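1. Sequence first, predicted coordinates after that:
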Amino acid sequence: MRNSTFLRHLMRLKTFAFLLFLSFFIVTSIPITASSAEDDTDVIAEDHSHIDIKRGERFFKGLLPKDRKFESCVSCHNLTHTDTLNWNPSAMAIAVKFAGKDFSEFQSAVMQPVGKKMEASHKDFAIEESDLKKVKLYLDELAVTGPPSAGPTINQIIIFLFLGLLMTLALLDLIFFHKIKYRYVTVIILIVAVIVQVKMVADAAISLGRSQNYAPDQPIKFSHKVHAGDNKIDCKYCHHTAEFSKSAGIPAMELCMNCHVLVREGANSGKFEIAKVVEANETKTPVEWIRLHNLPDHVFFSHAQHVGIAKVDCQKCHGDVAQMNIMKQTSDLSMGWCINCHRDTKVNFKDNAYYDNYMKLHDQLKGGGIDTIRAVNIGANDCMRCHY
Amino acid sequence: MKTYWRSIEELANPKELRREEVREEAKQKSMLMRGDNELNAASRRDFLKTFGFGIAAASIVASCKRPVDKAIPYLVKPDEINPGTANYYASSYFEGNEYGSIIVKVRDGRPIKIEGNTLSSISQGGTSARMQASVLNLYDDARFKGPSKSGQEITWDAADAEIVAQLTTLKSQGGKVVILSSTIISPSTRDVIQKFIEKQTNTEWIQYDPVSASGILEANQKSFGSAFIPDYRFNKAKVVVSFGADFLGSWLSTVEYTKGYTSARQLQNDRKEMLRHYQFESGMTLSGSNADVRFPIKPSEEGAIVLALYIAVAKSKGGQVLSGVQSTVDISDLAKDLLENEKQSIVISGSNDVNIQLLVNGINQLLGNYGQTIGLENSLRTKQGIDQDTDRLLSDLKAGNVKALLVWNANPVYDHPKGKDFAEVIKKTSLSVSFSERPDETTALCQYVLPESNLLESWNDLEPKAGIYSLSQPVIAPIFNSRQVQVTLLKWIGADNNYRDYIKTFWKETQFPKQKNTTDFRQFWNTSLQNGVFETVLESKLVYSPEGLSQAANQVKPVVAGLEVALYESVAIGNGKFANNPWLQELPDPVAKISWDNFAAVPVAYAAENALKNEDVILVNGIELPVFVQPGQAKDTISVALGYGREIAGKVGDQTGTNLYPFVGIDSGTRHYFLTSAKVEKVAGKLFQLAISQTHYSMEGRPIVRETTLDEYIKNPVSGNEIKAEHEEKSVSLYEAPVYNGHHWGMAVDLNSCTGCGNCAVACQAENNIQVIGKEQVRNRRIMHWIRIDRYYSENPENPKVSFQPVMCQHCGNAPCENVCPVAATPHSEEGLNQMAYNRCVGTKYCVNNCPYKVRRFNWFQYVKNDKFDFASNSDLGRMVLNPDVTVRSRGVVEKCSMCVQRIQEKKQLAKLEGRAIAEGEIKTACSQSCPGNAIVFGDLENPESRISKLFKDKRNYHLLEELHTLPSVGYLTKVRNTKA
């Protein structure tokens, strides 16, 4: 009877494994509620305690006061990253701005709004001073602790592990338990799981180091749609080295001031965002933008070649920037993507005297052997063009 | 065919040497596999484990977030700076008595490369290895971070206040202040010092050069009444006779002399005449190895030979009749040759013996060379130190007469023969201040260290030759809390201390009136600054007088018996100031091909008699030195390089080699760079490992170097290159010859113009981010230089003929490396380049094995950010020198010469932007651009009018191993020697 004991053991193992999986799933899908070890009533400074900060947070999130008639702060000033552009300053941005300032300044900013947009949204505010003080305390705390982390979502690894478990169970059933009556069900489960896993690994491997659709929050809510789209500013007004340098260039802060010396209030963002540009200029601290397009170090790319010489539209690689409120990386910037474009792109062979020394190709063009010269014909896909 | 050999061992038994090499290589490889090597303890198993883990990690990493990169713009963008494009500024190099007008490439605010300035009549666009490497000195971790007092940090204000107070007290008490500096050729700095002396009376300024030209200066004082170094015009000479002066390697103004020398020897464009070069010397120097006729002599023989030459010349020219000791060498042929080339010859001597220099002056005067090949107007000013001044300073210091010593760019504790005495007295001096940029032996003993800024951070003006001026401008703000010495001195005397304005005012008063091109000073200043140079024409009123000549002849000393030690400045390290520069330390000596150490070069016969072989250790007058058997080393001599054995230099230079300055002798007021009657004994059983690279990359005895003599060449331009026709006739290939549509980049190397100086190797290193690998790895045959200079000996090992041959990737049309790469990491480009895609390379090294030219380099280790290779690339500061356009290679990939593809691409792009064809000579590779011999020409072989196309059609042109039908894009021009038949 050794065999049956072994099976019993296996059954137990199976239940255990299932429970383990379930608990893992539950734990990871529930947002972790931060449990503070400290007593909420602990007095931090002479005039406030943890409970005040908590109250401030609740007020900010619209949970207090119960008879609230106006919008919650968080409904406009988001705490975490949003996918669509929220024009209003985020809670974090406000927190940082007022962190070193005293309450009266904060109060006057909230209660006596300046600028059309803010006036409109803040007009019905009836906030007790004590409540607002707590909100300030909460924001001060936020400035130190940083924005709350978004709860973990079911990510690729969990699906991957789940599939692995499914396969294990299916295999066990197939070999030992035979609980599932129709064998093809387990086989299908196995095959599908393997295919999905392989595809996941392949996709992950291909996208390794690539960042298509990367669209991080920028320190200033700068909208390319407003600048390049609505106001039709030429790309090369700001990125003016694109035509002759390998780098398109991030505009210097003084360049922003060419317009923003007058334009101090935006239709969407009000005064808050533009004030950052002005402040950067006044305090001589450049804005630290988050870089989107970043090629590996072993790749040489020159904007001059593409924009200045080949006259490729910016949109061809960067997408319809004029419609982007949040700038994102449209192309995957993979080598295949580069090479395909080189295969298709025609070279302006006749008008540029540089190409005069490609005598053999000119002869072929004249003789009708070929009708167009594409980038690939003059070695655009040679390794040495990009890798050295 | 002539037999060429690379070392004495190869000459004796080439097959055995090759076997030994193969054994050594196999040993290295098996060590690596077994994990015996301390640097890499990984085995194959470990590799598989790591590889497996790597796959697993990669999939997890795939779901991780990418690191956040910042893009921080300028607040206010300077007009001239555009991210991604380089700016070039004219400036000047003057370090270690070497001058060069330079162009500094600045990329995004960082100086990253130094080029020669073609507008300068002195350096004429050429540089030396030291100039190329000097950009790395800027990013040296060892540099002082700020002022200090007795090792404690101090503010500039506090230091100024304390020192000024002490100086004021000294002034009232009449205490003597001495400024000890190396030669200063800056007119405005001299003016500043003058002002300082006016204010701080009782100040003496002494110039001190570790390897001085005191002999020439004092001799000319007697002959011409002025202590100067004449202007040698090698380009006008037909015969050059050098007595121990290595004018191509280390003597005075090497770049200028190399430019002139090679232009007088080149045979392009159907030129049929060339300069003939006689060299008398002890060790095999760079000049000696280029000489047509070389006489190996003992240093003490020199005087008698010069005297004999004088007597021979005077006999037929009717000069003053002299007599003295008998010469040991027959110079009648030489005298005849000189007399046939009157007014077209140069006789020089590297000796510091005033008597010898007086005789040399006498010879040049009799031959009518003054005013022709030897100019008196634009005298050279780069060495002005008089040896006696320093000796006097030492005795003054000993007597306690000097109360304050300000040391500026001088390191007598290390490089003066009485360094120990200096060390003793500096410690006792009541006020000692060092202005040194970096730690050195003298600075370590000074109370105050007030670091000066690097030359790339400083304003300066220079007068390297009388009437020829140049400007230095800062190309980066001071990286550390340093300050120019001129500013410091001006501050101490309470003057306005903006040194740029000071130079400007000074130029307005002195230089501006010397020209007639413009009446607007601003325009004059801006043009001079942009050009980097401002040259005026001078006239000389100096008249030769044979004063002291007969006395000199009587004082010429006879030959001394016994072994003599000749001391010389090595081509890379020079006088030792930049011993902490890893590029220079790793550059193999041009002749001995040894890096990272100095060594005792012993004659072949002496080694055989005393059973000495390479890496044995001998005791020379109490100093242990590793032995290197040097073909051509004169009988009874040993040569050792100065400049090594620094004790306080930095992580690279400390304890590298042995300091030989204590051997420098002081005799009748001047320092002599040799030692007579040396006692030498072998240290039994002791070995010292040297990084000898002379036998790396064997070409297995095939006709790699082709040479002929001038007479043969005039008779038949193909002479020496006859085999080429045979190769071409027999050429059969299975492969189709490649077709090029637009460009076919090629390179031609004129072996007649290459002196082997090594400038190209360092230029390439700076341009292409080539890593330093250290002594041990050089020994393991892993040196990374993309361009190596092979040196071959031929004929008599006691006095061989030498050939230099720079070898870089030949960019073969039918490249053997391309076919064997399993991952297509090294394909052929449409423009004829053999490409290397590092990110594709998996490191099989098949290409390395299959390359017949052995030009491919493998990254055996991670050389960047690795504590085991603690050179320039192991610190953030050191990595600032990296060229952002060139990938930094990592472990496990193969690399090689790319023909500076980044430069090709840059200029192609510029031409396309401007809608024009690429101009001839517009693209220059790093090696060709600054070559002081103009030996390397780069260009487009598809353009029939280009210089390179013409050189490829030259009768002297050949390719390495043509018989393999690799169709190299690099051609060589036969070496022609001007030996008399």
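-> Everything's here; your move. Numbers count the residues shown, from 1 in each chain, chains lettered A, B, ... in the order given.

2. ok, and for stretch A:119-131, which residues are buried?
-> Within stretch A:119-131, the residues scored as buried using 16 or more other Cβ atoms under 10 Å in any protein chain shown are A:121-122, A:127, A:131. Just so you know, the C-beta spots here come from the backbone N, C-alpha and C atoms, and that holds for glycine as well.

3. what does stretch B:639-647 give?
-> Here stretch B:639-647 shows B:639-646 as buried, counting by 16+ other Cβ under 10 Å.

4. which ones among those residues are found in strands?
-> B:639-642 (DSSP state E).

5. where does chain B have low pLDDT?
-> Chain B contains residues with pLDDT under 70 at B:1, B:25, B:28-66, B:697-701, B:703, B:981.

6. What sits closest to whichever residue of the stretch 251-388 of chain A sits closest to chain B if chain neighbours are left out?
-> When scored by Cβ to the nearest Cβ, the stretch 251-388 of chain A has A:Gly379 as its residue closest to chain B, at 3.3 Å. Excluding the flanking residues, the one nearest A:Gly379 by Cβ to Cβ, 6 or more residues apart in numbering or on different chains is B:Glu830, at 3.3 Å.

7. The one you found against B:Tyr740, yeah?
-> Yes. Between B:Glu830 and B:Tyr740 there is a contact at 6.9 Å, judged by Cβ atoms under 8 Å.

8. and the residue nearest to B:Gly175 when sequence neighbours are not counted, what does it touch?
-> The shortest distance from B:Gly175 to any non-neighbouring residue, by Cβ to Cβ, 6+ apart, is to B:Lys403 (3.5 Å). Listed by Cβ atoms under 8 Å, 6 or more residues apart in numbering or on different chains, the contact partners of B:Lys403 are B:170, B:173, B:175-177, B:429-431.

9. and the gap between B:Lys403 and chain A?
-> The gap separating B:Lys403 from chain A is 47 Å, by Cβ to the nearest Cβ, to the nearest Å.

10. Okay, and that residue sits in which element?
-> In this structure, B:Lys403 sits in strand B:402-408 according to DSSP states H and E.

11. In space, what's closest to the residue of the stretch 651-800 of chain B found nearest chain A - neighbours in sequence excluded?
-> Closest residue of the stretch 651-800 of chain B to chain A, Cβ to the nearest Cβ: B:Gly742 (4.3 Å). Leaving aside its chain neighbours, B:Gly742 sits nearest to A:Tyr358 (4.3 Å; criterion: Cβ to Cβ, 6+ apart).

12. That neighbour: neighbour count?
-> 22 (other Cβ atoms under 10 Å in any protein chain shown).

13. How about the contacts made by residue 159?
-> Going with chain A. Counting by Cβ under 8 Å, 6+ apart, A:Ile159 has contacts A:Met200.

14. please go with chain B instead
-> Neighbours of B:Ala159 in contact, by Cβ under 8 Å, 6+ apart: B:147, B:149, B:448, B:450.

15. For it, pull up the helix or strand it's in.
-> helix B:156-173.

16. go on, B:Val749?
-> strand B:745-750.

17. Could you chop the chain up by domain?
-> Just going to use chain A. A:50-145, A:156-206, A:213-333, A:334-388 (automatic domain parsing).

18. Chain B is the one I meant
-> B:1-72, B:148-207+B:385-465+B:468-535, B:214-379, B:560-692, B:721-734+B:741-977.

19. Pull the distance from the last one to the chain's centre.
-> What it means is domain B:721-734+B:741-977. 20 Å (Cα atoms, centre = their mean, to the nearest Å).

20. Hmm, B:Tyr99 is touching B:Ser91, no?
-> No. Counting by Cβ under 8 Å, B:Tyr99 sits too far from B:Ser91 to count as a contact (12.0 Å).

21. Specify which member of the contacts of B:Lys403 is nearest to chain A.
-> Using Cβ to the nearest Cβ, the contacts of B:Lys403 come closest to chain A at B:Leu431, 41.3 Å.

22. Now for the nearest residue to the closest one once chain neighbours are set aside, how many residues are close by?
-> Among residues not flanking B:Leu431 along the chain, B:Ala404 sits closest, at 3.9 Å (Cβ to Cβ, 6+ apart). Residues near B:Ala404, counting by other Cβ under 10 Å, number 22.

23. gap between B:Ala404 and chain A?
-> 43 Å.

24. check contacts around that residue.
-> Per Cβ under 8 Å, 6+ apart, neighbours of B:Ala404: B:166-167, B:170, B:175-178, B:429-433.

25. Those residues in helices, which ones?
-> Applying DSSP state H to the contacts of B:Ala404, the entries found in helices are B:166-167, B:170.

26. Most neighbours of all those residues, which one?
-> B:Leu167 leads the ones in helices among the contacts of B:Ala404 on contacts (other Cβ under 10 Å) with 23 neighbours.

27. Without its sequence neighbours, what residue ends up closest to it?
-> B:Leu167's closest residue in space is B:Gln200 (Cβ to Cβ, 6+ apart), at 5.8 Å.

28. do the same with A:Gly266
-> Per Cβ to Cβ, 6+ apart, closest to A:Gly266 is A:Ile274, 5.8 Å.

29. Over to B:Cys851?
-> B:Cys817 (5.0 Å).

30. ok so the one you found is a helix residue?
-> Yes. Per DSSP: H, G, I helix; E, B strand; the rest coil, B:Cys817 lies within a helix segment.

31. Could you report the neighbour count for it?
-> If we define neighbours as other Cβ under 10 Å, then B:Cys817 has 25 of them.

32. what do you get for the one 4 residues further on?
-> Applying other Cβ under 10 Å, we find 21 residues neighbouring B:Cys821.

33. In contact with B:Ala725: list those residues for me.
-> Counting by Cβ under 8 Å, 6+ apart, B:Ala725 has contacts B:Val718.

34. Phi, psi for it please.
-> The phi and psi values for B:Ala725, taken as degrees, to the nearest 10, are phi -60, psi -40.

35. for stretch B:559-579, which positions count as buried?
-> Buried residues in stretch B:559-579, counted by 16+ other Cβ under 10 Å: B:559, B:563-579.

36. Give me the local confidence score for A:Tyr184.
-> With respect to pLDDT, A:Tyr184 scores 87.

37. swap in the one 10 residues further on?
-> According to the predicted model, the pLDDT of A:Val194 comes to 90.

38. For stretch A:307-327, buried residues please.
-> A:307-310, A:314, A:317-319, A:321-322, A:324-327.

39. do stretch A:262-269 as well
-> Going by neighbour count (16+ other Cβ under 10 Å), the buried part of stretch A:262-269 is A:265-266, A:268-269.

40. can you pull out the helices in the stretch 201-350 of chain A?
-> Secondary structure of the stretch 201-350 of chain A (DSSP state H, counting those that start in this stretch): helices located at A:224, A:235-238, A:253-260, A:272-283, A:303, A:314-318, A:335-344.

41. Specify the angle between the third one and helix A:272-283 in degrees.
-> If you take axes from the mean of the first three to the mean of the last three Cα atoms, to 10 degrees, helix A:253-260 sits at 130 degrees to helix A:272-283.
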